[in-house]
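>>> Return a 3D structure for these sequence lines:
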Amino acid sequence: MLVLSATQRLLVRLQFFEVRLRPSPHLLEFLLAVAIVVLVAWFVTAPLRRGPSARDDDPAVAELADLEARKAAKYRQIRDAEADRAAGKLTEEDFKRLDRELRGEAVAILKRIDRLRPPRARDDDPG
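Residues are numbered from 1 along each chain as shown. Prediction:
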């Protein structure tokens with residue numbers, strides 16, 4: 001019968017576990033690939049996990065965005081009319097009529113935007 005000291009038994013056990021518990025390089029590569037896929041999936045699905053925000057449900061926000069787009073388009077039409085007058089494509093009478101109409105529509109849009117926007121804090125104004 002072979003009698004081993006406590007130190008020798010410990011060394012034998014450590015060697016046994018070192019051989020059995022040493023992961024293979026392929027297993028580490030696989031685990032690393034799985035971790036990368038999970039992280040990418042977590043990042044990509046973040047907007048879906050967040051759910052709908054309160055701003056998306058608010059019709060006032062949607063209307064305000066629509067009015068801002070209409071305002072930008074109206075300003076572009078005014079600039080185009082001014083460019084057409086400068087290029088001689090519009091007579092002075094036609095330009096004045098068109099300019100008056102476009103600016104009236106722009107003012108109406110601006111008034112609707114002002115009604116929809118929340119009032120600003122007047123305490124912050126330096127004047």
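
>>> Domains in this protein, by residue range?
Following automatic domain parsing, one finds the domains of the chain at 9-49, 54-119.

>>> which of these sits most buried?
Of the domains of the chain, the one with the most neighbours on average (mean count of other Cβ atoms under 10 Å) is domain 54-119, at a mean of 13. In this view, the C-beta of every residue, glycine as well, is placed from N, C-alpha and C.

>>> taking the mean pLDDT, what do you get for that domain?
For domain 54-119, mean pLDDT rounds to 90.

>>> for this structure, which helix is longest?
helix 59-87 (DSSP state H).

>>> Can you check what angle separates the helix or strand following that helix from helix 59-87?
Remark: after helix 59-87, the chain's next helix or strand is helix 92-116, criterion DSSP states H and E. Taking axes from the mean of the first three to the mean of the last three Cα atoms, to 10 degrees, helix 92-116 and helix 59-87 form an angle of 160 degrees between their directions.

>>> So which elements touch helix 92-116?
Applying 3 or more Cβ pairs under 8 Å, 6 or more residues apart in numbering; DSSP states H and E, we find helix 92-116 packed against helix 59-87.

>>> So what's the gap between the helix it packs on and the chain middle?
With Cα atoms, centre = their mean, to the nearest Å as the basis, helix 59-87 stands 25 Å off its chain's centre.

>>> next one: stretch 94-103
Relative to its chain's centre, stretch 94-103 lies at 39 Å (Cα atoms, centre = their mean).

>>> Would you point out which residue is most central in this protein?
For the chain, the residue nearest the mean C-alpha position is residue 47 (9.0 Å; Cα atoms, centre = their mean).

>>> Which strands and helices lie in contact with the longest helix of the chain?
Using 3+ Cβ pairs under 8 Å, 6+ apart, helix 59-87 sits against helix 92-116.

>>> my guess is residue 102 meets residue 76, correct?
No. In this structure, residue 102 is not within contact of residue 76 by Cβ atoms under 8 Å, at 10.0 Å.
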